[in-house]
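In: using only what follows, build the 3D model:
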Amino acid sequence: MIDNEAIAAIRKEYTLKEFNESHIITEPINQFKNWFKEAIDASVNEPNAMSLATIKQDGRPSSRIVLLKGIEDNGFVFYTNYDSNKGKQLGKHNQAALLFFWPELQRQVRIEGIVTKISAQESDAYFASRPFESQIGAHASPQSQPIDNRKYLEENFDKFKLLFQSTPLIRPSHWGGYILNPQSIEFWQGRASRLHDRFLYTKTSTLDWTCTRLAP
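Out: Model (predicted):
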């Protein structure tokens with residue numbers, strides 16, 4: 001049994017890297033691309049895993065891990081079931097936040113912005129690129145809905161797998177992509193003595209950003 005004293009004693013000094021004014025790129029999505037490539041090159045475990053925080057109908061926050069599937073000039077792309085809890089929440093409140101944490105590089109990136117659906121054509125193209133079993137899973141799982149047991153999922157999977165042996169496998173209309181258009185992006189680099197480097201980009205117009213160093 002672990003106690004609170006043991007939890008409080010868990011500490012790690014961050015001394016791997018620094019992030020200062022000389023490293024800043026004017027455009028934050030390009031800055032993100034640089035850090036993302038470094039995460040891939042460092043063999044970070046699932047570098048595209050990100051926490052997606054949305055807003056429930058009652059105003060309370062809700063978060064979960066999803067996977068980044070694209071970086072565009074205007075934002076960050078991910079895919080999900082539109083009828084899932086997060087899909088319904090985004091349908092009511094289109095403001096959301098992303099969080100990447102790359103412990104191997106002692107870095108995190110916080111992104112806040114507005115989420116919209118991408119085009120059906122873009123969703124079709126990505127869906128077609130997925131493994132066959134993942135395509136079947138998008139049809140078989142009523143995401144976020146109560147089910148009696150796992151057997152229901154497995155039988156539903158087998159049913160759709162059999163169906164699509166004789167029927168063209170297309171993207172279900174309730175599944176597709178979103179893009180988060182960032183309004184702010186914060187880059188955090190862990191440093192010794194908890195004197196971390198933090199830089200916050202804030203959007204001031206369609207194309208312009210300001211960048212400010214924040215105290216840790």
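In: okay, now residue 72: neighbour count?
Out: Per other Cβ atoms under 10 Å, the neighbour tally for residue 72 reads 12. For the C-beta atoms, the positions are set from N, CA and C on the backbone; glycine is no exception.
In: what secondary structure does the spatially closest residue to it that is not a sequence neighbour sit in?
Out: Once flanking residues are discounted, residue 72 sits nearest to residue 179: 6.5 Å by Cβ to Cβ, 6 or more residues apart in numbering. Per DSSP: H, G, I helix; E, B strand; the rest coil, the secondary structure class of residue 179 is strand.
In: name the helix or strand for residue 162, please.
Out: Using DSSP states H and E, residue 162 maps to helix 150-163.
In: any idea of the mean pLDDT for stretch 113-127?
Out: Confidence over stretch 113-127 (mean pLDDT, whole number) is 98.
In: show me what counts as buried in that stretch.
Out: 113, 115, 117-118, 122-123, 126-127 (16 or more other Cβ atoms under 10 Å).
In: residue 13 versus residue 2, what's the distance?
Out: Distance, residue 2 to residue 13, by Cβ to Cβ, to the nearest Å: 22 Å.
In: got the end-to-end distance for stretch 93-110?
Out: 19 Å (Cα to Cα, to the nearest Å).
In: what does that stretch contact?
Out: For stretch 93-110, contacts defined as Cβ atoms under 8 Å, 6 or more residues apart in numbering pick out 14, 16-17, 32, 35, 38-39, 42-45, 47, 49-55, 68, 76, 90, 111-116, 180, 184-190.
In: before we move on, back to that, now go through the buried residues of stretch 113-127 and say which are in helices.
Out: Assigned to helices by DSSP state H, the following of those qualify: 122-123, 126-127.
In: middle-most residue in the protein, spatially?
Out: Nearest residue to the geometric centre of the chain (Cα atoms, centre = their mean): residue 50, 3.6 Å.
In: re the thing from before, okay, residue 2 and residue 13: which has more neighbours?
Out: Neighbour count, other Cβ under 10 Å: between residue 2 and residue 13, residue 13 has more, with 11 against 7.
In: the more buried one: what secondary structure?
Out: Following three-state DSSP, the label given to residue 13 is coil.
In: any idea how far the residue sitting furthest away from the middle of the chain lies from residue 160?
Out: Centroid-distance maximum for the chain: residue 166 at 34.9 Å, with Cα atoms, centre = their mean. Per Cβ to Cβ, residue 166 is found 12 Å from residue 160.
In: check residue 98 too.
Out: Taking Cβ to Cβ as the measure, residue 98 falls 31 Å from residue 160.
In: alright, that wraps it up for me.
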